[in-house]
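Chemist: Predicted model and sequence follow; I will ask about them next.
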Amino acid sequence: MTLSSQPLFLNVERSYRRLLNHLPGMAYRCRILGDTRDEKKNLIYELEFVSRGCYDLLGITAGDMLMGHNNTIERMTHPEDLERTRKTIRDSIVARESYQVMYRLLLPSGRIKWLWDQGECVDDEEGCPQYLEGLIMDVSEQKFQELALREENRALRESVVNLRGLGAMVGQSEPMRQLYSQILRAAETDSNVIIYGETGCGKDLVARSIHEYSGRKGNYVPVNCGAIPEQLLESEFFGHVKGAFSGAHANKDGYIGAAHGGTLFLDEIGELPLHLQVKLLRAIENKMYTPVGDNKPRKSSFRLIAATNQDLARMVREKKMRSDFYYRVHVLSITLPPLCERQGDIPLLVDAWMERRKVFMVLPQHVRLAMERYDWPGNVRELYNFLDRYMAFGEEALSSLGDLHADAGLVLTVEAEAATLDQAVMRLEERMIRQALDQCRWQKGRAAQALGLNLRTLQRKMKRLGMSEPRTGTLMLEGGAPQKKQ
C-alpha cells in the first residue's frame, strides 16, 4: 500500500466502522488462534472489533469488550449450548461456509437472552483461516413467544385427555382422541385439509377447530357448495363490481375475499362444477382472484379446508372432478369416525345437548338401552334430533329407533343366546348396577338405595363383577318425564 493510498484506506475503514456502529445488534471480528485440523483442541477467538450495539445487547461497552481481547460472548454462553455452538462454527470454518447458530446467553443479572449469530471465516493471503466476521442479533422476544406457543400447545394436548372433548367437539373415545391429535397437528401447518365423514358427523366443527387452533387472525368463512345456485357461483366466490350484471347495484366481496388472512371452508366440495374448479384452482395456487366484471386481480391469503361425504378419488376417475383440483385440495386428509364406532361417547353427547338446550332430561333404562343398540346412520345430528323429539313427545319418539326400544327383558334374552343362564344374569346385573351408578354419579350409597340394596351388598357385588373404575360420561337412567333446569 502506497503512502498516498493510506488516507483513503483509513477513511474507508472509518466509514465502515460508522456504518457497523449504526446496525441493530452487534457486529464483530475475531482473530482465529489454533489449528482447525486438530479436532481435539478448541479454537480460540480473540476479539479485535465490536460495534457499539454490544451495549444494547449485553450491557457492556465496546471498550470493555475489547479489553484483553477476551471472547466475552463465549464466556457468557449457556453451558448447555456452548459445545454445540463451538462445533457449528468450527465445522463451518473447515468447510469454508458461512454459519448460522442460535444459542442462549447468561447475563450477569441472571437473565437469559437468545442470540442469532451469523457470520463467516475470512482467510489470509495463504488461504488459512484468519478471522471470524459476523453479526449477532437479539431474538429473545421471538424465541420466548415460540416457546410459549409450544407450551400452550403441549398443555392443550394434555387437556384433551382430561376434558370432555376439544373445543365444541364432544367425545373421549379412542377414535375421537386420534381425531383431536390430527386436528392439532393440522393446525400447526398452512397446508390444505380435506375432511371426510358421513353426514351429521360434525365436519364443520372440525374445520372450525383447525382454524381456531391455527391462530389465524382472519375470518372463518364456511360455504355450503351444494346450496348455491350454479348461475351465482362465480359471483358468490369471487365477488363482483357494480354493473357487472343485471342486479349488481353495488360492489360485493365474495367468499375468497372475505377469507383473507383466515380460513375458507368448502363443505360438500364434490358439488362444485368443473368450470368453477378451474377458476378456484388458480385462486388456491396463486392466492389471487378477480371479481366478476373487474379486470384487476386481487390478493387473498387464505387457508383452504374442504369437506365431503363422497369418494373424491372415484369422482376423478369418473371425470366429475379435475385431477389437478383434487391433488390441490387433497393434501392433509382427516376422516371422522361415525357415531356407531364411538357409542361410548353418547352419554357425553347427551350431556352436551342438555347444556346447550338448558334442560335437564332423565332417560329411563329402556330408552338408554335402545340408544346403545341403535346404529345412528345420521350420526350426531340424528342423535340430537331424537333427543329433541323425545323432549317434545316422550315415548312416541322411540318409534324412530325401529324395534330397538324393547324393555330390559329383551336384553336378558339377547344375553342368554350366547351364554349360560348364570352368565346372562351376571351380565344383566352388572349392566343394572353400572346404570344406577352412572345415574347417581357413582355415589354408591345413593346407587344402593336406588337398587333396593344395602351398601355392603352393592360393594360385594361390584367386587365380584370387577367394577372398580367408573367409565367416562354417564346418562341419567331414572324414570320420569323430561324436566326443565331450575
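Modeler: That came through fine. Numbers count the residues shown, from 1 in each chain.
Chemist: The helix or strand containing residue 146: what's the following helix or strand?
Modeler: If you go by DSSP states H and E, residue 146 is part of helix 140-162. Proceeding N to C from helix 140-162, the next assigned helix or strand is helix 174-187, under DSSP H and E.
Chemist: just checking, what packs against the helix or strand that that following helix is followed by?
Modeler: Using DSSP H and E, the helix or strand that directly follows helix 174-187 along the chain is strand 193-196. With contacts taken as 3 or more Cβ pairs under 8 Å, 6 or more residues apart in numbering; DSSP states H and E, strand 193-196 sits against helix 203-214, strand 303-308, strand 332-335. All C-beta atoms are positioned from the backbone trio N, CA, C, and that covers glycine.
Chemist: tell me the most buried of these?
Modeler: strand 303-308 (a mean of 25; mean count of other Cβ atoms under 10 Å).
Chemist: contacts for it?
Modeler: The contact list for strand 303-308 (Cβ atoms under 8 Å, 6 or more residues apart in numbering) reads 190, 192-197, 203-204, 206-207, 210-211, 214, 216, 262-270, 284, 329.
Chemist: burial measure for the closest residue to residue 139 other than its chain neighbours, as a count.
Modeler: Of all residues not flanking residue 139 in the chain, residue 116 sits nearest, at 4.7 Å (Cβ to Cβ, 6 or more residues apart in numbering). By other Cβ atoms under 10 Å, 17 other residues sit near residue 116.
Chemist: Just the pLDDT for residue 116.
Modeler: For residue 116, the pLDDT comes out at 91.
Chemist: helices or strands next to the one helix or strand it maps to in the packing?
Modeler: In this structure, residue 116 sits in strand 112-123 according to DSSP H and E. The contact analysis (3+ Cβ pairs under 8 Å, 6+ apart) places strand 112-123 against helix 79-95, strand 99-106, strand 129-138, helix 140-162.
Chemist: at 7 Å what do you get?
Modeler: Where contact means 3 or more Cβ pairs under 7 Å, 6 or more residues apart in numbering; DSSP states H and E, strand 112-123 is packed against strand 99-106, strand 129-138, helix 140-162.
Chemist: Include mean pLDDT and distance to residue 88 when you put the ones you listed into CSV, please.
Modeler: CSV is the format used below for the helices and strands packed on strand 112-123 (pLDDT from 0 to 100; distance: least, Cβ to Cβ, whole Å):
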stretch, mean pLDDT, distance to residue 88
strand 99-106, 91, 5
strand 129-138, 89, 12
helix 140-162, 71, 17
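Chemist: Can you lay out these as CSV showing mean neighbour count and distance to residue 170?
Modeler: Converted to CSV, these look like this (neighbours: other Cβ atoms under 10 Å; distance: least, Cβ to Cβ, whole Å):
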stretch, mean neighbour count, distance to residue 170
strand 99-106, 18, 41
strand 129-138, 19, 45
helix 140-162, 12, 12
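Chemist: closest one to residue 335 among those?
Modeler: Evaluated over the helices and strands packed on strand 112-123, closeness to residue 335 peaks at helix 140-162, with 18.3 Å, by Cβ to Cβ.
Chemist: which residues touch stretch 35-55?
Modeler: 20-21, 23-34, 60-62, 65-66, 69-72, 74, 86, 90, 93-94, 129, 132 (Cβ atoms under 7 Å, 6 or more residues apart in numbering).
Chemist: among the helices and strands packed on strand 193-196, which is nearest residue 442?
Modeler: Among these, helix 203-214 comes nearest to residue 442, with 29.2 Å by Cβ to Cβ.
Chemist: pLDDT averaged over the helix or strand that contains residue 237, what's the number?
Modeler: Assignment of secondary structure by DSSP H and E places residue 237 within helix 233-238. In this model, helix 233-238 has an average pLDDT of 88.
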